[in-house]
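[1] Predicted model follows, preceded by the sequence.
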Amino acid sequence: MKLASSRGIRSITGAGRAGRLARRALALLIGAAFVFPFYWTVVISLGRPGEFSDFPPVLLPHWDWSNWSRAWHAAPWLRLFGNTVLIASATVLLCLATSLLAGFAFGVLRFPGRKVLTVVVLSVLMMPGTVLIIPDYVLANDLHLLNTYWIQIIPWGASVFGIFLVRQFFLAIPQEILDAAALDGASRLRVLRSIGVPMVRPALVIIAVNVFLGSWNSFLWPVIMTSSSMDSSNTVQPVEVGLSTFASAEGTDFPGLAAAVTFTTLPVMAFFLVLQRQFIRGALSAAGGVRG
Amino acid sequence: MRFRIAAVASLAALSLTACAGGGTPAATTSAPAAASGTELAVPTKPVTITFEEAMTIGTLKPAMEKLVADFQAKYPNITVKLQGDPDYATMYTKEKAEVQAGNAPTMGQAYESWASYFQSGGAITPISELAGTDTPPQVSTFYKGVQKDLTLGDGKTWMWPFNKSVLILFSNADMLKADGQSAPKTWDDYASVMKAVSKGGVTGSTIDPGSAAGATFGTQWFEILDKSDGGTLYDNDGTPHLNDAGAVKALTYLKGLKDANALATGKNYPGETALGAQKGAFDISSAAGYGFEKKTVGGKFDLGISALPTGASGPVNELTGTNIVVFKNATADQKAAAWAFLKFITSPAEQAGWGSTSGYLPVTPQALPLMQKFVAQNPYETAAVSELDTAFALPPFSWIFKCQGYEATAIQDVLDNGAAPADALNTAQTACTAAKTQG
């Protein structure tokens, strides 16, 4: 009996180990699926002429740095990278502020027309952005915002999704907590700062990540709203516009593009790798805040 | 999905623009506007002109910069500022926005249909206002197909030639030789060879017709097939016949190749990529794409280049590339400088340099003797430029750009979604007719 039991434990342990191995193998496979495109981009960027179109694909780099050299001289990358970081960061900060304030107003404050205003704001979600690009350009021209950082930050500094998300979080906060704070003499801004912000932190993290990614990847808007030459050292254009210089109506310089994508993505990856623990800890503590 | 303050205020902005007059710059007086029969004189005081262009990559960029540098060396008081765009669809959107805002560049690249759109809105300047005549003497030096491509529906000259090309047939000559095939002479031959080489993981060719946002070479091939067989997709006044028997036959030809696994579709120059990967035998592309094809092949095999096969109507080719328009809101000095620039870049010497560096075809035969070295290295050049005399352009009306998008959608529907050619083209015809009605 004892022996059988011990066998059973061993069998369970064996099954557990097999399960763990299977899970790790699956995780490795999924991880590889995510990493491979970037790895292959690096391989193409270091490949010989014509190699990028080979099939089956070449999987080991040939360390030909000529594509990197050509790509590096194609645009003022440091300037473009700095522009992107500035634009994305400023947009995130602005968006967090507007989402928090508008979400608080729609979720907590009681005022006439609140529901109608909420619907009006949400209705903007229905409008396709490309339809508005020409009127937006006209407006930007009239406000003398063309070819500036402002035109790449201000119009994206409020997010319907962000406002909606924060509002939903505020609606979930028990009214008693807010009433208690008010009884203790807290002003609305104090309630927002001391109670609201900690409780909606998960929403703010989600908004920050989404807005940052959206701003980082933005292409059509900056390309239409800015027109400074790529050779200009005072360009306000972001990295994405710089990358587009590798494509034309007659063809695309894929190895050059791969090189530029690699050296403009590496700093972001390094930044995330260095700070990933803090990111995850922040997100988890934020999640804890929800439950609390 | 984001809330944009600008979106909410867009109507107000349009009203503001109307009130403000769109910020149209005031004309200066130093360069008198050309009266009838008077050509604008090159300005003598400093003037800056802007050029919206898409020559931002590879060999195109140095070629564009050399044109500008040569011009500025000859006219040191004129500065040309290039405003580069990544692709034509973005450029069109940007030019429309700039015109709407009264902020148009001095000059811009434009397809015939774009020029028609701008002309109907009074946004561009006729060449007669610059040259003093609707038929400047330079025009007669251009290839005949190029000459025809400069006028709009009113018969007047509104455009000046820039990056012109025609389609040519790139092939894997080694693959054809190994299979006992030779370069096809007719479209029937082409279909036979495509089917014969489509085996062992090879697909004859892969095309990208484009999308509703803009057609690409795959759609132009369809247009050439139709015309090669005597079809007429558009009347001279732009009336579409996208579901005529000839068009259905051309699309059925493509469907037949697809059904025989000799044709595939893709995005981002898929024919070039497949050819380079030795998974495709042919690629129909612009002669100006030669540099990209060569780079993609990377010396892995002998890159064959030949003229397009022919149909019942004999050799047929279609002009690719754009012209240049001069926008109306430019000052008199800017218009005068722009005219000097247009004449300069189409001079034989500059065309020879431009053609040799960019891969685009020179618009005048007078350039050929000056680019003998390039012609010797690129034997396809002689045949390609000769087609500039006969190559056709679609009628210059604003809706044609949209209609080509509908053609592209029909081709995609047939090749990717299995739609019947007649049904897909009926849909395209209906959409195009509606676009024509809208103007």
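    Sure, I can see it. Numbering: from 1, shown residues only, chains lettered A, B, ... in the order given.

[2] just the strands in the stretch 301-439 of chain B please.
    Listed in chain order, the strands found in the stretch 301-439 of chain B under DSSP state E, counting those that start in this stretch are B:303-306, B:320-326.

[3] Least reliable of those by average pLDDT, please.
    In terms of mean pLDDT, the lowest-scoring of those is strand B:303-306 (a mean of 91).

[4] Check what contacts it and list those residues.
    B:168-173, B:176, B:183, B:290, B:293-294, B:297, B:379-380, B:383 (Cβ atoms under 8 Å, 6 or more residues apart in numbering or on different chains). All C-beta spots, glycine's among them, are computed from the backbone N, C-alpha and C.

[5] From those, pick the one nearest residue A:199.
    The shortest separation between residue A:199 and any of those is 59.7 Å, and it belongs to residue B:293 (by Cβ to Cβ).

[6] ok, how many other residues are close to the closest one?
    Burial of residue B:293 is recorded as 24 neighbouring residues (other Cβ atoms under 10 Å in any protein chain shown).

[7] which residues does it contact?
    For residue B:293, the contacting residues are A:251, B:170, B:272, B:275, B:276, B:283, B:285, B:303, by Cβ under 8 Å, 6+ apart.

[8] Within the helices and strands, which one has it?
    When elements are defined using DSSP states H and E, residue B:293 is found to belong to helix B:290-297.

[9] Poorly predicted segments of chain A, please.
    Counting by pLDDT under 70, chain A contains low-confidence ranges at A:1-13, A:228-233, A:281-292.

[10] longest helix anywhere in it?
    When chain A is scanned for its longest helix (criterion: DSSP state H), the result is helix A:2-45.

[11] what helices or strands is that helix leaning on?
    With contacts defined as 3 or more Cβ pairs under 8 Å, 6 or more residues apart in numbering or on different chains; DSSP states H and E, the packing partners of helix A:2-45 are helix A:66-72, helix A:254-291.

[12] Make CSV from the strands of the stretch 301-439 of chain B and add mean neighbour count to it.
    CSV is the format used below for the strands of the stretch 301-439 of chain B (neighbours: other Cβ atoms under 10 Å in any protein chain shown):
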stretch, mean neighbour count
strand B:303-306, 19
strand B:320-326, 25
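
[13] Would you format the ones you listed as TSV with distance to residue B:215 included?
    Written out in TSV, the entries for the strands of the stretch 301-439 of chain B read as follows (distance: least, Cβ to Cβ, whole Å):
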stretch	distance to residue B:215
strand B:303-306	23
strand B:320-326	11
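
[14] what's the closest of these to residue B:91?
    Proximity to residue B:91, assessed across these by Cβ to Cβ, is greatest for strand B:320-326 (8.8 Å).

[15] Show me the strands paired with that closest one, marking each as parallel or antiparallel.
    Strand B:320-326 has these partner strands in its sheet, going by DSSP bridges: strand B:107-110 (antiparallel), strand B:160-165 (antiparallel).

[16] ok, how many other residues are close to the spatially closest residue to residue A:141 that is not a sequence neighbour?
    Leaving aside its chain neighbours, residue A:141 sits nearest to residue B:101 (3.8 Å; criterion: Cβ to Cβ, 6 or more residues apart in numbering or on different chains). Applying other Cβ under 10 Å, we find 23 residues neighbouring residue B:101.

[17] again with the one 4 residues further on
    A count of nearby residues for residue B:105, using other Cβ under 10 Å, gives 26.

[18] Reduced to three states, what does it come out as?
    Classification of residue B:105 by DSSP: H, G, I helix; E, B strand; the rest coil places it in coil.

[19] pretty sure it is touching residue B:328, no?
    No - here residue B:105 lies out of contact with residue B:328, judged by Cβ atoms under 8 Å, at a distance of 11.6 Å.

[20] ok, residue B:202 to residue A:70 distance?
    With the distance defined as Cβ to Cβ, to the nearest Å, residue B:202 ends up 31 Å from residue A:70.

[21] just to revisit the earlier point, can you tell me which of the strands paired with strand B:320-326 is nearest to residue B:234?
    Nearest to residue B:234, of all those, is strand B:107-110, at 18.5 Å by Cβ to Cβ.

[22] Name the residues of the helix or strand following that closest one that are buried.
    Beyond strand B:107-110 on the C-terminal side, the first helix or strand identified by DSSP H and E is helix B:112-120. Judged by neighbour count using 16 or more other Cβ atoms under 10 Å in any protein chain shown, the buried positions of helix B:112-120 are B:112, B:113, B:114, B:115, B:116, B:117, B:118, B:119.

[23] Would you mind listing the outside residues contacting the helix or strand following helix B:112-120?
    Note on helix B:112-120: by DSSP H and E, the next helix or strand toward the C-terminus is helix B:127-131. With Cβ under 8 Å, 6+ apart as the test, helix B:127-131 has contacts from B:33-34, B:36, B:39-40, B:134, B:136, B:150, B:156-160, B:326, B:335-336, B:338-339, B:342.

[24] and if you look at stretch A:180-199?
    Contacts of stretch A:180-199 with the rest of the structure, by Cβ under 8 Å, 6+ apart, involve A:100-101, A:104, A:108-109, A:169-170, A:173, A:177-178, A:204, A:289-290.

[25] nearest to residue B:267, of those residues?
    In terms of Cβ to Cβ, no member of the contacts of stretch A:180-199 lies closer to residue B:267 than residue A:204, at 37.5 Å.

[26] Distance-wise, check that closest one relative to residue A:158.
    From residue A:204 over to residue A:158 the distance is 14 Å, taken as Cβ to Cβ.
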